[in-house]
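**Student:** Just a sequence and a predicted model for now, questions to come.
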Amino acid sequence: MVAHPQATSVVAGPAFAGTLLDAARSRTAASPHHVRVRLGGACVDVRFDGPGSAGALLPAWRPLIVDPDDEAAMAATPEATLHVLTADASGPSPAAPWGRAIEAAHAASHEALEFFDLAGTVGLWEASARTGVWWAPRPETFTVHDRIQPLLPLLRWALRGADRPVLRAGLVGSARGGLLIAGGPGSGRSTTVLAARRLGLAALSDAATVVAPGELRGFPLTGYATATTRTIALLPELMSRLAPLPRTPLGQQAVVLDARPLRATDGMPLRAVVVVRLGDLAGAPLRILPQDAAAAVLPALTPMLPGTRPVDLRLAATLADALPVYGLTVGPEVDAVAGALARILRDQA
């Protein structure tokens, strides 16, 4: 079991899994709403139970959707299939109430199945069928922040077999390459990603990035960042990029990120990891010694999300061994923050 302040992740029993998977397949089979997304060279089919669930999530995922005219991508065998359902369209999940399902899952100890309960939603991953389910009460459950959630827990499992960890990190880049921006809540990660645009760098991802460790490439997940009132005050040009979407539970607003041409299907070659923290003054980037890099990077990149396993930590650790790691203090001088990122890219290109 993985501890998390808002979630429980456990292995689930086969009887429970079969009930949930059968219900999900039945609901989405009758719906015309389905897409194929591409992440790190792996294709994943996503099936929705109706226009409500599809409309809530697809705007955030649009840059990832495979063009139906891309015959090679459409013919490829998908790495996984995900079913996204809401109680409004499909009725209550067969797993409800969650407490009983979790209790039964504890007793089952079936390694091929994983289950989590997150803020009133339920998810399941069935490894042998490469199938995941996300069941939410209603489309409105998918706030700006939550629109990434079906990707984070389910794709952590779905992409594990393709050696593609999903990390809590932002991604900025230019023609020189990309930087992973690592930092926990309140670290200044979103401010750093959005400040990068001040010097012409592209802001590609805010809260989550898929990484191909062996190839050292990063792939952004959604089209939005979240910005606090402080970040918008520091970067007033963001006002023109605010999306007409509800605020997050913490009052943050959605900002539309940069899309193509840098959001390429073959990803962004990574040049360094930058671990950020808030401070009163912006500092110069400081290279972290190799022997200290893993200790600095892992807590920022791999919080205990549902589905986290030692293999995910090992995949993330390879980045600390393969890439230079910098520490950066993020202050109110956003031009200095952008300049520091540009300097790192220039030095590492």
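**Tutor:** Thanks, I have it. Residues are numbered from 1 along each chain as shown.
**Student:** What are the buried residues along the strand ranked longest in the chain?
**Tutor:** Longest strand in the chain, counting residues (DSSP state E): strand 268-278. For strand 268-278, the neighbour count (16 or more other C-beta atoms under 10 Å) marks 268, 270-278 as buried. Every residue, glycine included, has its C-beta placed from N, CA and C.
**Student:** Stretch 125-139 too?
**Tutor:** Here stretch 125-139 shows 125-127, 130-137, 139 as buried, counting by 16+ other C-beta under 10 Å.
**Student:** Let me see the mean pLDDT of it.
**Tutor:** What stretch 125-139 shows for mean pLDDT is 86.
**Student:** likewise stretch 256-274?
**Tutor:** Per-residue confidence for stretch 256-274 averages out to 80 on the pLDDT scale.
**Student:** now stretch 179-197
**Tutor:** Taken as a whole, stretch 179-197 has an average pLDDT of 91.
**Student:** Just give me how far it sits from the chain centre.
**Tutor:** For stretch 179-197, the distance from its own C-alpha centre to the chain's C-alpha centre is 14 Å (C-alpha atoms, centre = their mean, to the nearest Å).
**Student:** Buried ones in it, by neighbour count?
**Tutor:** Counting neighbours by 16+ other C-beta under 10 Å, the buried set in stretch 179-197 is 179-183, 187-197.
**Student:** what packs against the helix or strand harbouring residue 60?
**Tutor:** When elements are defined using DSSP states H and E, residue 60 is found to belong to helix 51-61. For helix 51-61, the packing partners by 3 or more C-beta pairs under 8 Å, 6 or more residues apart in numbering; DSSP states H and E come out as strand 34-39, strand 42-48, strand 80-86, helix 87-90.
**Student:** want to try CSV for these, with mean pLDDT and mean neighbour count as columns?
**Tutor:** Below are the helices and strands packed on helix 51-61 laid out as CSV (pLDDT from 0 to 100; neighbours: other C-beta atoms under 10 Å):
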stretch, mean pLDDT, mean neighbour count
strand 34-39, 90, 20
strand 42-48, 92, 23
strand 80-86, 92, 26
helix 87-90, 86, 18
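**Student:** ok, which pair from the buried residues of strand 268-278 is furthest apart?
**Tutor:** Looking at these by C-beta to C-beta, the two members farthest from one another are 268 and 278, with 25.4 Å of separation.
**Student:** quick one on the thing from earlier: in strands, which of the buried residues of stretch 179-197 appear?
**Tutor:** Within those, membership in strands is found for 179-182, as judged by DSSP E.
**Student:** just the residues you listed now: which is nearest residue 166?
**Tutor:** When these are compared for distance to residue 166, the smallest value, 12.4 Å, is given by residue 180; criterion: C-beta to C-beta.
**Student:** Surely that closest one is in contact with residue 218?
**Tutor:** Yes. Judged on C-beta atoms under 8 Å, residue 180 makes contact with residue 218 at a distance of 6.1 Å.
**Student:** Between these two, which contacts overlap?
**Tutor:** Overlap between the neighbourhoods of residue 180 and residue 218 consists of 169, 171, 209, 211, 270, taking contacts as C-beta atoms under 8 Å, 6 or more residues apart in numbering.
**Student:** rewinding a little: now the two most distant members of the buried residues of stretch 125-139.
**Tutor:** The largest separation in those, counting by C-beta to C-beta, is between 127 and 139 at 28.3 Å.
**Student:** do you know how far the most centrally placed residue in the chain is from residue 123?
**Tutor:** Note on the chain: the residue nearest the mean C-alpha position is residue 208, at 3.3 Å, using C-alpha atoms, centre = their mean. From residue 208 over to residue 123 the distance is 16 Å, taken as C-beta to C-beta, to the nearest Å.
**Student:** Now do the helices in the stretch 1-150 of the chain.
**Tutor:** Secondary structure of the stretch 1-150 of the chain, counting by DSSP state H, counting those that start in this stretch: helices at 14-29, 51-61, 71-75, 87-90, 98-108.
**Student:** Just the residues contacting the second one, thanks.
**Tutor:** Pointing back at helix 51-61 there. Counting by C-beta under 8 Å, 6+ apart, helix 51-61 makes contact with 33, 35, 37, 46, 48, 65, 84-86, 88-89, 136, 138-140, 142, 144, 147-148, 150-151, 221-224, 243, all of which sit outside it.
**Student:** quick one: it to chain centroid distance?
**Tutor:** Centre to centre, stretch against its chain (C-alpha atoms, centre = their mean), the figure for helix 51-61 is 16 Å.
**Student:** Would you map the strands across the stretch 201-349 of the chain?
**Tutor:** 202-205, 209-212, 217-220, 224-227, 253-256, 268-278, 286-287, 325-330 (DSSP state E, counting those that start in this stretch).
**Student:** Distance to residue 20 added to these, as a markdown table?
**Tutor:** Supplementary listing: these in a markdown table, determined by distance: least, C-beta to C-beta, whole Å:
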| stretch | distance to residue 20 |
| --- | --- |
| strand 202-205 | 30 |
| strand 209-212 | 26 |
| strand 217-220 | 29 |
| strand 224-227 | 29 |
| strand 253-256 | 31 |
| strand 268-278 | 36 |
| strand 286-287 | 48 |
| strand 325-330 | 41 |
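**Student:** do you know which of those strands lies nearest residue 158?
**Tutor:** It is, among the strands of the stretch 201-349 of the chain and with distance given as C-beta to C-beta, strand 209-212, at 10.6 Å.
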